[in-house]
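S.K.: take this sequence and fold it.
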Amino acid sequence: MRYNSLKMKKISLLLITIIFFCCSENKFDNSILKFQNELINSETTGSNVAMIFKNGEVVYNEIVNSNKDGDKAINEETIFPVWSMSKPITIVAMMTLFEKGLIDFDDKVSKYIPEFSELQCKNENGDVYSCNNDLKILHLMTHRSGYSYYGNPHNFTSTIKYDNLDDFITDVSKHPVEFEPGSNYLYGINQAILGKVVEVVSGKSFYEYLKVTIFDPLEMNETKFYLTSEERERFQPLYINSGSLKGFTNFLDEMTYDKNNRAYFGGEGLVSTMRDYSKFCQMLLNNGKLNGNKILDRSSIDLMLEKHSVLEPDPLLNINDGFHSGFSVFVLNDPNKDGTNSSKGIYGWSGYHNTHFWIDNEKNLFGLFMTRGREFSFGIQGDFRKAVYENF
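M.R.: Model prediction:
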């Protein structure tokens, strides 16, 4: 009788354990799946994919396809334009030059690109005058140069307009900045200029330097500035939902992605896959190393995260309160203001067509989301983080 009672207790405990883990797993899956499906149901995005990596392994990797006319089913080979998620890659390239002693953040940009020695500024009335402050590498790293984005929406950083960085630099250096370099924060074309700095310092094309220094060691073989005809078939269609204009298109790239075009824009121009970009995220999460290859020192990542500007709530970026800007990454320093239950100190960035990532060293995880939607929303990242941190 006593034996049977003990046996029943063990069975009951086993059932409770099974139910607990099943329910926990379903809660985890459903919270993020709900977020992904809602983006499609609300006609915010088309097909999308989300990944969470924690404690050395992928714990969530789910594709939700819209199955709508003109959309394309996502798979692990799908290529996305990552737009401004190119910026952290450019920053890492700059950090590798810094570690080698080849640049200093206090260097004048004109030391490497003489065209910037006669930089013009605008005053509050819009009048143009010769800048009092020199443009420095640090200003480009932190979006404090005074350069914004111009045109619709990337007039300067367009491979339709430029096929090399030299012509781009010539034109940009003649364009007056919006304020004295270093005096304010303004999101803009800074990392595209840094690409030319990399070329001058390294003696390689910007893409070649990225490939040798970052992409090849991390086996990011699908991350590049161009698409072959075969890769075009794997390029996700663009979803547009703007007034009466709604649907999917294989046009309106705003970049040529031509293999022969050498205007390698470090702030906007890269394409990648979930698999590739996740390796970049793993490297950052692992303090600059991956699979025995060291890309950065941890001290360099710490420099990337130092506070240079407060990121005020921005209707363009739809960014919440509580963040500061480091080297072209956001850093969350007040989780209570953000309201997603994210860890203090997370950092990351987003791309124009709604690609998003963040790194969480406290909980040893990163999140990565990709789709291709024309109407950008930083709120997508916030909603993604909120869904993830309901479970962690």
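S.K.: what ranges do the helices span in the protein?
M.R.: Here the chain has its helices, by DSSP state H, at 2-41, 87-99, 137-141, 165-174, 190-202, 206-210, 216-218, 229-232, 274-285, 298-305, 335-338, 379-389.
S.K.: of those helices, which is nearest G322?
M.R.: Minimum separation from G322 across those (Cβ to Cβ) falls at helix 335-338, 3.3 Å. For glycine as for every other residue, the C-beta is placed from the backbone atoms N, C-alpha and C.
S.K.: give me every residue that touches the nearest residue to D134 once chain neighbours are set aside.
M.R.: In this structure, D134 finds its nearest non-sequential neighbour in K108, 4.7 Å apart by Cβ to Cβ, 6 or more residues apart in numbering. With contacts defined as Cβ atoms under 8 Å, 6 or more residues apart in numbering, the neighbours of K108 are F116, S117, D134, L135, K136, I137.
S.K.: quick one: closest of the helices of the chain to K72.
M.R.: Ranking the helices of the chain by their distance to K72 (criterion: Cβ to Cβ) puts helix 229-232 first, at 11.6 Å.
S.K.: would you mark the buried spots in the closest one?
M.R.: E231 (16 or more other Cβ atoms under 10 Å).
S.K.: report pLDDT for K337.
M.R.: As predicted, K337 sits at a pLDDT of 90.
S.K.: that one is in contact with G322, isn't it?
M.R.: Yes - under the criterion of Cβ atoms under 8 Å, K337 makes contact with G322 at 3.3 Å.
S.K.: contacts for stretch 109-127?
M.R.: Outside stretch 109-127, the residues that touch it by Cβ under 8 Å, 6+ apart are 103, 108, 128-132, 134-137, 139-140, 146, 169-170, 173-181, 193, 196-197, 200-201.
S.K.: K279 reaches N293, doesn't it?
M.R.: No - between K279 and N293 there is no contact under Cβ under 8 Å: 10.2 Å.
S.K.: so what sits against both of those two?
M.R.: Taking Cβ under 8 Å, 6+ apart as the contact rule, K279 and N293 both touch L218.
S.K.: neighbour count: these two, which is higher?
M.R.: Each of K279 and N293 has its neighbours counted (other Cβ atoms under 10 Å); K279 has more, 20 against 13.
S.K.: ok, and the closest non-adjacent residue to that one?
M.R.: Using Cβ to Cβ, 6+ apart and skipping residues adjacent in sequence, the residue nearest K279 is L218, 4.6 Å away.
S.K.: list the contacts for that neighbour?
M.R.: Listed by Cβ under 8 Å, 6+ apart, the contact partners of L218 are K279, F280, M283, L290, N291, N293, I295.
S.K.: neighbour count for K337 and G322, which is higher?
M.R.: Using other Cβ under 10 Å, the more surrounded residue of K337 and G322 is G322, with 21 against 12.
S.K.: look at the more buried one and report its pLDDT.
M.R.: For G322, the model assigns a pLDDT of 90.
S.K.: measure it to D338 for me?
M.R.: Here G322 is placed at a distance of 4 Å from D338 (Cβ to Cβ, to the nearest Å).
S.K.: quickly list what's touching both of these two.
M.R.: Common neighbours of G322 and D338, using Cβ under 8 Å, 6+ apart, are L332.
S.K.: re earlier: show me what the residue nearest to D134 is bridged to.
M.R.: K136 (DSSP bridges).
S.K.: and the gap between it and E222?
M.R.: K108 is 36 Å from E222, by Cβ to Cβ.
S.K.: who's in contact with G195?
M.R.: T90, L165, F206, Y264, F265, G266, G267.
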